[in-house]
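>>> Below: sequence and its predicted model.
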Amino acid sequence: MKVCVIDDDPLMLEHVAEMVMGLGFEVVTATNVDTGLRLVESQGSDAAVVDILMPDRDGLTFIMEVRRIRPDLRIVAISGGGRLGAGSLLSMAGGLGADATLVKPFSSTDLSHALSAPKAG
């Protein structure tokens, strides 16, 4: 499985990418939504782990746009929530089509479950 990890925080991006590799998956990374969308299309990703709160275009935008071009892509939305709290943001992400949501910080086991759980429907 190839997973695209999208996060604007370089330390979190590296940490999640290492977790994905530790689970035995191939990983590509992006620091913004536009690069993430290009990578998902060009690299044939099977899944994406996307941060919700990012400058410019956020993870919710990524979910909406990627659902149009890759409805089969497994999406795991992640967030620490910032001032808004993670719950409402992740609830919105689920409503827009994320297959799973995780509150930062999360464990490798949590990520494994989120990436491999059967798709609903």
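Now that the structure is in, tell me what you want to look at.
>>> rest of the way, CA atoms for contacts and neighbours
OK.
>>> hang on, Val49 in a strand?
Yes. Under DSSP: H, G, I helix; E, B strand; the rest coil, Val49 sits within a strand.
>>> got the angle for the longest helix anywhere in the chain vs strand 47-51?
For the chain, the longest helix by residue count, based on DSSP state H, is helix 10-22. Interaxial angle, helix 10-22 versus strand 47-51 (axes from the mean of the first three to the mean of the last three Cα atoms, to 10 degrees): 160 degrees.
>>> For the helix or strand just after helix 10-22, buried residues please.
Downstream of helix 10-22, the next assigned helix or strand under DSSP states H and E is strand 26-30. Judged by neighbour count (16 or more other Cα atoms under 10 Å), strand 26-30 contains these buried residues: 27-30.
>>> ok, now stretch 51-66?
Under 16+ other Cα under 10 Å, the buried positions of stretch 51-66 are 51-54, 58-60, 62-63, 66.
>>> distance between the ends of stretch 103-118?
20 Å (Cα to Cα, to the nearest Å).
>>> Show me what the residue most central in space within the chain is bridged to.
Centroid-nearest residue in the chain: Val49, 1.9 Å away (criterion: Cα atoms, centre = their mean). Using DSSP bridges, the bridge partners assigned to Val49 are Val5, Val76.
>>> My understanding was that it contacts Ile75; is that so?
Yes. Using Cα atoms under 8 Å, Val49 makes contact with Ile75 at a distance of 6.0 Å.
>>> hmm, back to that, and of the buried residues of stretch 51-66, the nearest to Lys104?
Comparing the buried residues of stretch 51-66 against Lys104 with Cα to Cα places Asp51 closest, at 9.5 Å.
>>> which residues does that closest one contact?
6-8, 58-59, 77-79 (Cα atoms under 8 Å, 6 or more residues apart in numbering).
>>> ok, now with 6 Å
Contact partners of Asp51, counting by Cα atoms under 6 Å, 6 or more residues apart in numbering, are 7, 59, 77-79.
>>> now swap in Asp99 and tell me
75-76.
>>> again, but for the one 3 residues further on
Contacts here follow Cα under 6 Å, 6+ apart; on that basis Leu102 touches Ile78.
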